[in-house]
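Trainee: missing the sequence, but the structure's below:
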């Protein structure tokens, strides 16, 4: 493996794990019956899970040696966007701002 794939080796398992975190939080929100706030958080977390899934797929493609070296860069960008959104969802859920 080349050094350029080192980041992908970290993004792939972490992204996959964070998809599970998003799904768990969506389930908890459904159980808590938060109403409109829960509905908005569900949608945000579903988008977040999709971002982490795309990030995992791109990092996997990068590790498999697909010719485009941009996959790792795009995986990193999706991952960081997903982390930012997950942090915003955590703040909104904990303070019930919405």
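Mentor: On my side now, so go ahead. The shown structure was predicted, so the numbers you read here are calculated from the model rather than taken from an experiment.
Trainee: the strand or helix carrying residue 13: how far from the chain's middle?
Mentor: Using DSSP states H and E, residue 13 maps to helix 6-32. For helix 6-32, the separation from the chain centroid amounts to 6 Å (computed by C-alpha atoms, centre = their mean, to the nearest Å).
Trainee: now for whichever helix or strand comes after it, which elements pack on it?
Mentor: Next helix or strand after helix 6-32 toward the C-terminus (DSSP H and E): helix 36-63. Where contact means 3 or more C-beta pairs under 8 Å, 6 or more residues apart in numbering; DSSP states H and E, helix 36-63 is packed against helix 6-32, helix 70-95. Using the backbone N, CA and C atoms, a C-beta is placed for each residue, glycine as well.
Trainee: could these go into TSV alongside mean neighbour count, mean pLDDT and distance to residue 61?
Mentor: Below are the helices and strands packed on helix 36-63 laid out as TSV (neighbours: other C-beta atoms under 10 Å; pLDDT from 0 to 100; distance: least, C-beta to C-beta, whole Å):
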stretch	mean neighbour count	mean pLDDT	distance to residue 61
helix 6-32	16	91	9
helix 70-95	16	92	5
